[in-house]
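Undergrad: No sequence on hand, only this structure:
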């Protein structure tokens, strides 16, 4: 397990406050400091003590956070909001309008809480602000532009802004993310999501940015140069699980219950190597 024991300064106004890789129950959390202190995602409830501890180490407290911008509505990215709001009752969660409905309910599958064997605690509408594509949000001493990138979830977004002279894309799970297993899934929705996701990735490839910060990547790899994303993009969609490739067949005894067989009755199994391996 690779975890950070303290905040990591990525640039003078940008920090990684939380990373787990492979992650147990929380996504990466990033902090933008300045006039509008902003968290990009806020992790899970279990990870909140580490998040609060690392905030204090950069001279801030939960009460100082002006807003949390969610890259999407999954448990590991936003469930820590309840603990944050216990210390900062006015802090809002900004999230794309297409993910609003699912995080106000208990659906453990769509919120990915089932992946962590947890219940999802709904987030009341009063704590939420819906976002739209192209919206500009003040953050730190600058601003972030919302790029709607559906696929991982209907309301997945990326956030693009200039921080300390570098064009940074916060990509959530749009880049390097995977999809939930097929158990309990609606195949039609699952397939449509892959098509939408590919369009989103093509849109990102055309954007001007220097580096990106994904939702799940070890601190040693951050930030990630755009060139890596462009180089890996052709691997998307090789299998039903969209970032996996077909050039190896693992021993069946090494494939767990969530490993997906190739569609349409193919005999080969997807390799366990995710897309960024190649």
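TA: Yes, it's here. As the structure is a computational prediction, the values presented were derived from the model and not from experiment.
Undergrad: which residues are in contact with stretch 101-113?
TA: 73-76, 78-79, 95, 114, 118-120, 122-125, 128, 153, 180, 184-185 (CB atoms under 8 Å, 6 or more residues apart in numbering). C-beta coordinates here come from the backbone N, C-alpha and C atoms, glycine included.
Undergrad: Go through those and flag which are in strands.
TA: Judged by DSSP state E, these include 95, 128 as members of strands.
Undergrad: would you list every one of the helices in this structure?
TA: Assigned by DSSP state H, the helices in the chain fall at 48-57, 75-78, 81-87, 100-103, 187-205, 226-232.
Undergrad: just the ones you listed: most buried one?
TA: Most buried of the helices of the chain by mean neighbour count (mean count of other CB atoms under 10 Å) is helix 75-78; its value is a mean of 27.
Undergrad: chain center to stretch 207-223, what's the gap?
TA: 11 Å (CA atoms, centre = their mean, to the nearest Å).
Undergrad: thinking again about what came up before, quick one, which of the contacts of stretch 101-113 are buried?
TA: 73-76, 78-79, 95, 114, 118, 120, 123, 128, 153, 180 (16 or more other CB atoms under 10 Å).
Undergrad: For residue 22, find the nearest of the helices of the chain.
TA: Between residue 22 and the helices of the chain, the tightest spacing by CB to CB is seen for helix 75-78, at 11.9 Å.
Undergrad: contacting residues for the residue nearest in space to the middle of the chain?
TA: Per CA atoms, centre = their mean, the C-alpha nearest to the average position across the chain is that of residue 172, at 2.8 Å. When contacts are counted by CB under 8 Å, 6+ apart, residue 172 touches 27, 41, 71, 72, 77, 152, 156, 157, 158, 214, 215.
Undergrad: and if we set it to 10 Å?
TA: Applying CB atoms under 10 Å, 6 or more residues apart in numbering to residue 172 gives the contacts 27-28, 40-41, 69-72, 74, 77, 149, 152-153, 156-159, 212-216.
Undergrad: Do I have it right that residue 66 meets residue 84?
TA: No - counting by CB atoms under 10 Å, residue 66 does not reach residue 84; the two are 11.9 Å apart.
Undergrad: ok, the residue nearest to residue 16 when sequence neighbours are not counted - how many residues close by?
TA: Nearest non-adjacent residue to residue 16, counting by CB to CB, 6 or more residues apart in numbering: residue 8, 4.5 Å away. Using other CB atoms under 10 Å, residue 8 is surrounded by 16 other residues.
Undergrad: So for stretch 144-164, mean pLDDT?
TA: Averaging pLDDT along stretch 144-164 yields 96.
Undergrad: that older thread, from residue 66, how far off is the residue nearest to the centre of the chain?
TA: 20 Å (CB to CB, to the nearest Å).
Undergrad: How about residue 10?
TA: For residue 10, the distance to residue 66 - CB to CB - is 20 Å.
Undergrad: same question, residue 23
TA: From residue 23 to residue 66 the distance is 26 Å (CB to CB).
Undergrad: Alright, calling it a day.
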